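**Q** could you work out the structure for the sequence below:
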Amino acid sequence: MKLLITGGAGFIGSHVVRLFVEKYPHYQVFNLDKLTYAGNLQNLRDIEARANYSFLRGDITDAAFVEAIFSEHRFDAVVHLAAESHVDRSIAEPLAFVETNVLGTVNLLNTAKKHWQGLLEGKLFYHVSTDEVYGSLGEEGLFTEETRYDPRSPYSASKAASDHFVRAWHHTYGLPVKLSNCSNNYGPNHFPEKLIPLAIHNIREGRPVPVYGKGENVRDWLYVLDHARAIDVIFHQGKVGETYNVGGVNEWRNLDLIELLCEVMDEKLGRDKGESRKLITFVKDRAGHDLRYAIDSGKLMKELGWKPSVTFEEGLRKTVDWYLANEQWLKEVTSGHYRDYYTQQYEHR
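**A** Numbering: from 1, shown residues only. I've put the predicted structure just below:
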């Protein structure tokens, strides 16, 4: 098996790459990443010397580049995670999200179709997406695989479009595909622009912890290692042409989450109880901010036997422990010095 994982130096992607490299030594795993601000090869230092791992630097929006690597390596399967994913950035720069999330996905689909034509046995294009394509829920109900798409931000609209293109290539050209839509991920190696790592960093530094609006937005949180396990199960056991929702069965209001995180941080840092809560600062709400997301993972659980391995409290403690034990990683990420690693490790060879 020659497996291409796109976006493999990112947060979720690095955990997926590690799982496949370690669990399937007979697979040749190729990690393709453009190494934008969120791509960090230090996330994979522990496996970069493995014989079944290779790194490819490049841009999925470059059709000639995608064609070249398919021609050279003749991939049998693709796990497509590469994406622009931060909602705030999509509001400021929507075209970047259209280019990467839509055009990049279509480039991969077109190239896979071309190279696998007439040889589809054993081939697979697995597209990883988000629950945000479904829009916003009220106080009741859950997103299922049958929920009508209703994206509300440039980010979610671009991911919805990419989902539709993947299904179109399956129905029009017979390309073997699988899709999954996941809830908010958290855990080690998360770039500190997202809520939990940002809050951990700011609490440790004694800086204000920003919370949108009144903190009433609700999200379902999924531990990133559990998401990687789900991708593994869907890749190997899921049905071609099917979509699987992946959630943590774990809804939290943003303010409640941050207050719990403050308690954990006070405990871990030896501060007085309630000290970190003083840092909570309410800021102007995000434009078009969806009120609630919640995923029904019943199909994945019943058909493929997956379930979350940790409670949110356990996962949050593991996450805090990781960030407190990896202060140098966080310093390099926030300073931008993590980008030097690629130059040192690859360009000087």
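**Q** gap between the closest residue to P25 other than its chain neighbours and A112?
**A** Leaving aside its sequence neighbours, P25 sits nearest to N52 (Cβ to Cβ, 6 or more residues apart in numbering; 5.6 Å). For every residue, glycine as well, the C-beta is placed using N, CA and C. Distance, N52 to A112, by Cβ to Cβ, to the nearest Å: 21 Å.
**Q** and for R317?
**A** 40 Å.
**Q** comparing those two, which residue is more hemmed in?
**A** Neighbour totals were compared for R317 and A112, and A112 leads with 26 against 15 (other Cβ atoms under 10 Å).
**Q** for the more buried one, which residues are in contact?
**A** 70, 75, 78, 123, 125, 175 (Cβ atoms under 8 Å, 6 or more residues apart in numbering).
**Q** thought the second one was touching F30?
**A** Yes: here F75 lies in contact with F30, judged by Cβ atoms under 8 Å, at a distance of 7.0 Å.
**Q** name the residues contacting each of those two.
**A** 2-4, 69.
**Q** which one of those has the most neighbours?
**A** L4 (25 neighbours).
**Q** and the helix or strand containing I203, what other elements does it pack with?
**A** Element membership of I203, judged by DSSP states H and E, is helix 195-205. Here helix 195-205 touches strand 209-212, helix 254-269, helix 312-325, helix 327-335, going by 3 or more Cβ pairs under 8 Å, 6 or more residues apart in numbering; DSSP states H and E.
**Q** closest to V246 out of those?
**A** helix 312-325 (14.5 Å; Cβ to Cβ).
**Q** and that closest one, which residues are buried?
**A** 312, 315-316, 319-320, 322-323 (16 or more other Cβ atoms under 10 Å).
**Q** and of those, the nearest to T334?
**A** Nearest member of these to T334, counting by Cβ to Cβ, is Y323, at 11.6 Å.
**Q** roughly how far apart are that closest one and L222?
**A** With Cβ to Cβ as the criterion, Y323 and L222 are 18 Å apart.
**Q** beta-bridge partners for S54, please?
**A** F30 (DSSP bridges).
**Q** just the helices in the stretch 1-150 of the chain please.
**A** With helices called from DSSP state H, counting those that start in this stretch, the stretch 1-150 of the chain shows them at 11-23, 63-73, 87-92, 94-97, 104-116.
**Q** least reliable of the ones you listed by average pLDDT, please.
**A** Here these differ in mean pLDDT, and the lowest is helix 87-92 at a mean of 89.
**Q** which residues touch that helix?
**A** 84, 96-97, 132, 153-156, 158, 193, 286-288.
**Q** before we move on, what about stretch 24-36?
**A** 1-10, 13, 17, 20-21, 39, 41, 44, 50, 52-60, 69, 73, 75, 82, 339, 342.
**Q** just the buried ones out of those residues, please.
**A** 3-10, 13, 17, 20-21, 39, 41, 44, 52-53, 55-57, 59-60, 69, 73, 75, 82, 339, 342.
**Q** could you count how many residues lie near W306?
**A** Around W306 there are 21 residues (other Cβ under 10 Å).
**Q** can you check the one 5 residues further on too?
**A** Burial of T311 is recorded as 13 neighbouring residues (other Cβ under 10 Å).
**Q** now E146
**A** 9.
**Q** skipping adjacent residues, who's closest to the residue in the chain sticking out farthest from the centre in space?
**A** In terms of distance from the mean C-alpha position of the chain, D272 ranks first, at 34.5 Å (Cα atoms, centre = their mean). Closest residue to D272 apart from its sequence neighbours, by Cβ to Cβ, 6+ apart: D266 at 6.8 Å.
**Q** before I go, just wanted to say thanks for your time.
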